[in-house]
Every structure is written in structure tokens, then in C-alpha cells.
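1. here is my input, please return the structure:
(one chain, ligands or ions: 2)
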Amino acid sequence: MDVCVAVPRLAVDRPFTYVLKEEHEAGTGSLVSVPFHGRTVKGWVLGPAGDIPEGRLLPIRKVHSQVRFFDGQKLRLLRWMSERYIAPLATCIERSYPPRVVSEEAVEGDGAAVDAATPARSPSARSQGAPGRYAPPSPATGLAIPSAVLDRYGGEGLLEAGTTTWVRPLPDEEQAVCVEAVAACLATGKRAVVLVPEAEPLPATARAVLEAFGDRAVAFLGGDARQRYRTWLHIRDGRFDAVVGTRPAVFAPLGQLGVIWISREVHPGHREDRSPYYHVREVAMARTRLEEAACVLASLVPSVETAVEAEAGAIRTARPARRLERENAPLVETVAPEAEDRSARLTALLRRARSAALIVSRRGYGVARVCRSCGEPAACAVCRGPVIVERGKAICRVCGSAGVCANCGSDSFGVERGGTERVAEWAARTAPGPVLKSSIGQQPSPLPGVVVGTAAAVKDVGPLRLDLVGILDADRALVRPGVHAGEQALATWMEAAAWAGPRSEGGRVLVHTRRHGHPAIQALVRWEPLPFLLSEARARAEAGFVPGHSVFRVAGSTALGESLPAAGAASVLATAVEGGTLCLVAVPPKDLARFRKEVLRLAGQGDVIRVEGEPQL
Ligand SMILES: [Zn+2]
Ligand SMILES: [Zn+2]
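-> Ligands and ions are numbered 1, 2, ... in the order given. As a prediction, the model looks like this:
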């Protein structure tokens, strides 16, 4: 048998062959222990050996579990992942299922006892009371849901095997179109995975699917280790037709897959935060290709990557008629900000608003600008980072230390006021209703009233009808560093703006900006994100990072600066670090296989120490 040893190093990223005794009753996906370089290490059986090596074969020492952690089909996906992100296969396998809780395996097979003792659904899936949640006409039956909304997005064509489609839902239909697509999928006898970007608060789309499909659906998000592992085992047993979850659910062990639906595809939560930094969009597209299912990327504002592929026709687009999109969009007005992110126009609108959301890009009460004792510019004494004032205290925004002057140690600063706390303080004197610094999705709901928050407060809470949505410091959000800053800013604004409801019902959005002509601001005003996203794609390409090219951070010897371009890297940024080189490289898809082979060779001779696929830039 070929075994992948659980030694996550590229230098040993190949199968090793062992003898498996028949009485072990193991096979592809079994977790085993094998002798490896004089030690005993864990590993997974990949299948019958390809080439039997010369010489004496060692036996597999132990089979740990009757559970098979992957089958041949899932192994193909994990191998794709290992190649795409140049990550050891062992690391990819480990990421594909939750950490084992052995005692949960012991009770498996005693089905009745398990059912009685454990609710299969996460408690949060049943919490009630979020505004505007989608109410299907006949809950828990699944199949009786009409497809009136789905028809606007291509109907059942959306589920065509082997396709990927960007769906741009009308704000009021974000949950409904997902529920109807899952219903259409289940009606054909296939199964569905719905991926949401975060677990808490439960996104409205996740809630809508769980409520619509009752016992046929399961929440695979949040919860403790025991509950997560148990749910994974139950999914694997085929107990559910629909799985709703966060990132790891893209690997959910579900047969007969019909569709993977990614809600709010642009959200940073869809990207893994440990190496390999896989994106669920890429994994879902690969999985649906391998399993002949459909992939849907649903987003009011897509990612730059999706926009580029949709423009090129590589993925399909499903959006309602332009006229319908415009009618369902709020009226967006721009005005130049005055001091502390206020304006006379904002004051006038806020005075008569019963409900409002005000979005600012900074937390806290203000930014320390100058030390009152010595007159030096304010900087953290520990890390020299910027000092902000939050809850009445000066703290470093970078390292979180108490904010004291790096020059003289004083904690008294001249503060430039602005941020969620300061805006909330001011709004409380201006707005007629209560004011809270909070997220709209949190319970208890602050509405009606005014919510002040950062981008983190903008969540999938279902349709709302706020009197006013204010984007109070758009220009500051636009100059944030990071290659994804532009698309994230626009997505946050548009998702928040949608809370104002359609212009025909008085939906109104006020944007503070001095850059009325900026493509991102124009995208918001016109309710059309694509031109801006394509301009972002061009800017990234000019900086050496063509959307669609793979980016790697490679650490190793000083030889790397020369050997990586020869291996197929289109652009290389090499930095000398202690004892070696750190390279940031971009590789076109056509050269990826050659590049990977060369990196593995370099790893074998010790020139490559570490590779991170798609690092955070
Ligand atoms: Zn600091
Ligand atoms: Zn000072």
C-alpha cells in the first residue's frame, strides 16, 4: 500500500510503500502508523502501491480507526490542492477533516443512542429573531419551495454540472435564491454545500437554508471539537442532503454532490488564515469540476478574480436585468466630509432618521497625533506603531500595549478625534433614537436606532429598510494597504448600502468623499462594480500580480533569487534575510507544474526551506 506519512515537509512529499495485513481491514483513507526513518509516524493509506520499490518492505504497524478519512475522489481533490498551493499532501489531508475525538468513533454504529443524546444541529442554527430572515412557504419539506426567484438567475441551468457561475442577487433575494437553488438541487436527488464566511452571528443565508430544509440540513460551523467531529461523521454517513458551513465545509464528505454555493464570495473569511492559504472559491471550483457538480459564487460585489473570469467568459454570469438592479438599488449621494467625518448634510439626514447605520473605517475615539509633554509625533514606545484612544485609554493599534510616548514616556497626547466611539457620541446628540456601537446581526438587535460600526459590522442579516446608511470616511478606506483593500472597501459599502432598501421605497445612502470621480465611488453610485474591479485587476497586473497567477512566498538559500525565475516564476521580489533569501513570486497557470517540480527538487537539496501558497499581501 502507498502511504502518505504525516510529516509535513516538501522534501518527503511523496508516497512510501508498506505492507498491509489483510486482518487490518484498512484501505484508502485509513489512518495508520508506520515505521519511518527509525521512528513510528502516523500516516494515511493512499491506495494500492503504484511501483513496488526494490528490497524488503516494512509492514504497517497499526490501524488507528475504522473511519476512512477520504475516498479516491476526495484524494484527487487533496492532490490538486497539494499541487496548486505547493503544500505537502499530509498538510492538505489534515486540513480536510476536523481533529479526531476518538470517543465519538466508539459510539458510532450505535446509531439510536447517538441520535437520542446529541442534537445534530448547532444550537445557534435555531436562534430566532434576526430581522428579515427568509421564510419559505413550507418549512422543512424542502421540495415544495417554488422557484420564482431562481428563474431570474438562470433557473435550474445554474446547477449544470461542470459550470461555475457568478450570481449577483438583488439585495432582497440573497437568501431566497440560495434556498431555491438548494431545493432544485435536492429535487434532482443530489446534495448541496452552502459556504458562508463566518459562524457568528449566523449569516441570514445559512439560517434560511437550515430553516427551509429542517432535518435534511446540518450546520457544520462553530461548536466545540466533539460536536464538530461528530457532525463530520454524520455527514460522512450520508445523514444530510445539505451542509451549511464555513471554510472547512468545502471538504464536507458528502456524496452525490450537486452544487457548492459560496455566499458573499468576496468576504475575506473565505480565505484560510494558515498556510496553505487556500481560498474556498478555488477549492470549490476544483471539487465541482472533479465531481461533476455546479459551483455558484454569489456576491453583490465579486472578488477581482471572479470579475476577471466573468469578463473573460471563463465563468458564467447570472444577474437580473440592469433595470431591475437599478430599481432595487438605493439612492447614493456623495458630499465632502467636514471635521471628524461629519457634514451638514449628514446632520440633516440623521436628525430625521429612525434607523441608520454609520460605517467608519476606524475603531475608537481618535488617533494620537502629538505628545503633549515633549511635542514629538505620537508613536508607541514598544513598537513605534500608531497610538489610538479607545474606551478612554491610549493604546497602540499594532501591539496593543498601553500608549506611552516613545520619546519621553508621557501618556498625554493631542488627539485627532474620529472613529466609531467619537461618531457614536456625536450621533447620540443628533439622532432621535438610541445609538449603539455594535453589529446589526448581533442580538439583541439595536434597531430601530443608529448603529455605528466598522466594516466588521457589515454582515449578512437579510433584507432591511434603514432610513439612512452613511459611509463616513470612504477616502480613508480607499488608501488602506493590501492588494484586496479596494475590492473589500467597495463590497463593504455596497453590502451596507443595500440595508437602505430600494430607492423607490426611499432608500438613501450618504457617502463622504472628496474623490467623487474615483472608480470605486462611481461603482457605488451607479450600483455597478465591474469597471472598478477590472481597473483593480489592471493595477495588480502592473504591480506584477496578474489575477489568476499563483503567488508564493518561498524561503530558502541565497541561490533562490536566480533559480526561481529559471523555474518559471514570472516575477520575483527577492529580499535578503538572515542566512538566506525570502522571495515573493508569481507563476502563470501554464508554468505551475514545472515550477512545483523545481521547487520540490530545490527542497530536496535543502535550498527551499518553506513555501507559502497565496500569502496575505
Ligand atoms: Zn506598539
Ligand atoms: Zn513625549
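2. let's verify the residue of the stretch 501-617 of the chain found nearest ligand 1: helix, strand, or coil?
-> Relative to ligand 1, the nearest point of the stretch 501-617 of the chain is residue 616 (20.0 Å; Cβ to the ion). Heads up, the C-betas are built off the backbone N, CA and C, glycines and all. Following DSSP: H, G, I helix; E, B strand; the rest coil, the label given to residue 616 is coil.
3. list the contacts of it.
-> Residue 616 is in contact with 273, 277, 482, counting by Cβ atoms under 8 Å, 6 or more residues apart in numbering.
4. restricted to helices, list those.
-> If you go by DSSP state H, the contacts of residue 616 have nothing in helices.
5. for ligand 1, give me its nearest residue in the stretch 201-350 of the chain.
-> Taking Cβ to the ion, the stretch 201-350 of the chain has residue 273 as its residue nearest ligand 1, at 21.9 Å.
6. pLDDT value on that residue, please?
-> Residue 273 carries a pLDDT value of 89.
7. ok, and the closest non-adjacent residue to it?
-> Nearest residue to residue 273 in three dimensions, chain neighbours excluded: residue 616, at 7.9 Å (Cβ to Cβ, 6 or more residues apart in numbering).
8. any idea of the mean pLDDT in stretch 383-402?
-> Per-residue scores along stretch 383-402 average to 91.
9. ok, stretch 156-163 next?
-> Computed over stretch 156-163, the average pLDDT equals 95.
10. the stretch 351-500 of the chain: strands as residue ranges?
-> For the stretch 351-500 of the chain, the strands defined by DSSP state E, counting those that start in this stretch occupy 356-359, 366-371, 387-390, 393-396, 413-417, 435-437, 450-453, 468-471.
11. out of those, which gets nearest to ligand 2?
-> Nearest of these (Cβ to the ion): strand 366-371, 3.1 Å.
12. counting neighbours, what do you get for the closest residue to ligand 2 within the stretch 201-350 of the chain?
-> Nearest residue of the stretch 201-350 of the chain to ligand 2 (Cβ to the ion) works out as residue 340 at 24.5 Å. Applying other Cβ atoms under 10 Å, we find 16 residues neighbouring residue 340.
13. Provide a list of residues in contact with it.
-> By Cβ under 8 Å, 6+ apart, the residues touching residue 340 are 417-418, 422-423, 426.
14. next, count neighbours for residue 316.
-> Neighbours of residue 316 (other Cβ under 10 Å): 18.
15. related to what we said a few turns ago, the residue of the stretch 201-350 of the chain closest to ligand 1 - how many residues pack around it?
-> Residue 273: 9 neighbours (other Cβ under 10 Å).
16. which parts of the stretch 301-450 of the chain sit against ligand 1?
-> Proximity of the stretch 301-450 of the chain to ligand 1, by Cβ under 5 Å from the ion, involves residues 380, 382-383, 385, 396, 398-399, 401.
17. these two touch, right, residue 347 and residue 429?
-> No - Residue 347 is beyond contact range of residue 429, at 10.1 Å (criterion: Cβ atoms under 8 Å).
18. those two - which one has more neighbours?
-> residue 347 (14 against 7).
19. and that one, what element?
-> helix 344-351 (DSSP states H and E).
20. so which bits of that helix are buried?
-> Neighbour-count burial for helix 344-351 flags 345-346, 349-350 (criterion: 16 or more other Cβ atoms under 10 Å).
21. which strands and helices sit next to that helix?
-> Helices and strands touching helix 344-351, as assessed by 3 or more Cβ pairs under 8 Å, 6 or more residues apart in numbering; DSSP states H and E, comprise strand 331-335, helix 420-430, strand 468-471, strand 508-512.
22. residue 534 is nearest to which of those?
-> Of all these, it is strand 331-335 that lies closest to residue 534, at 20.4 Å by Cβ to Cβ.
23. so what strands line up beside the closest one?
-> strand 508-512 (parallel) (DSSP bridges).
24. any buried residues in the next helix-or-strand element following the strand it pairs with, and which?
-> For strand 508-512, the following helix or strand on the C-terminal side (DSSP H and E) is helix 519-526. Buried residues in helix 519-526, defined by neighbour count with 16+ other Cβ under 10 Å: 519-525.
25. export those residues to TSV and tack on distance to ligand 2 and pLDDT?
-> Listed next are the buried residues of helix 519-526 as TSV, based on distance: Cβ to the ion, whole Å; pLDDT from 0 to 100:
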residue	distance to ligand 2	pLDDT
519	41	95
520	38	96
521	39	97
522	43	97
523	43	97
524	41	97
525	44	96
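26. distance to residue 459 added to those residues, as TSV?
-> TSV is the format used below for those (distance: Cβ to Cβ, whole Å):
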residue	distance to residue 459
519	26
520	21
521	23
522	25
523	21
524	19
525	23
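27. same for ligand 1: which of the residues you listed are within range?
-> Of the buried residues of helix 519-526, not one also sits near ligand 1 (Cβ under 5 Å from the ion).
28. who touches residue 244 in this structure?
-> 125, 193-194, 196, 206, 209-210, 217-221 are the contacts of residue 244 under Cβ under 8 Å, 6+ apart.
29. let's go with 10 Å and repeat that
-> Applying Cβ atoms under 10 Å, 6 or more residues apart in numbering, we find residue 244 in contact with 121-122, 125, 178, 182, 192-196, 202-203, 205-210, 213, 217-221, 252, 261, 263.
30. put the buried members of these into a ChimeraX selection.
-> Buried residues within the contacts of residue 244, by 16+ other Cβ under 10 Å, are selected in ChimeraX with:
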select :121,122,125,178,182,192,193,194,195,196,202,203,205,206,207,208,209,210,213,217,218,219,220,221,252,261,263
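31. let's see which of the contacts of residue 244 end up in strands.
-> Counted as lying in strands by DSSP state E, out of those, are 192-195, 217-220, 261, 263.
32. follow-up on the earlier one: tell me what angle the helix holding residue 347 forms with strand 508-512.
-> Counting by axes from the mean of the first three to the mean of the last three Cα atoms, to 10 degrees, helix 344-351 lies at 140 degrees to strand 508-512.
33. so for helix 344-351, what's the average pLDDT?
-> Helix 344-351 comes out at a mean pLDDT of 95.
34. what are the contacting residues of that helix?
-> By Cβ under 10 Å, 6+ apart, helix 344-351 touches 333-338, 342-343, 353, 356, 358, 423, 426-427, 430-432, 435, 450, 467-468, 470, 472, 508-510, 512.
35. buried subset of these?
-> 334-335, 337, 342-343, 353, 356, 358, 423, 426-427, 430-431, 435, 450, 467-468, 470, 472, 508-510, 512.
36. just give me the closest of the contacts of residue 340 to ligand 2.
-> residue 417 (19.9 Å).
37. ok, the closest residue to the closest one other than its chain neighbours - contacts?
-> Ranked by Cβ to Cβ, 6+ apart and with sequence neighbours excluded, the top spatial neighbour of residue 417 is residue 366, at 4.0 Å. By Cβ under 10 Å, 6+ apart, the contact set of residue 366 is 340, 387-390, 394, 413-419, 421-422.
38. so which of those is the most crowded?
-> Result: residue 387 is most packed of those (other Cβ under 10 Å), 28 neighbours.
39. and residue 606, that's in a helix?
-> No - Residue 606 sits outside any helix when classified using three-state DSSP, being coil.
40. wait, doesn't it sit right on residue 11?
-> Yes - between residue 606 and residue 11 there is a contact under Cβ atoms under 10 Å: 7.9 Å.
41. looking at the two, which has the bigger crowd around it?
-> residue 11 (15 against 10).
42. and the closest residue in space to that one that isn't next to it in sequence, what element?
-> Counting by Cβ to Cβ, 6+ apart, residue 603 is the residue found nearest to residue 11 once chain neighbours are left out, at 4.8 Å. In this structure, residue 603 is located in helix 592-604 according to DSSP H and E.
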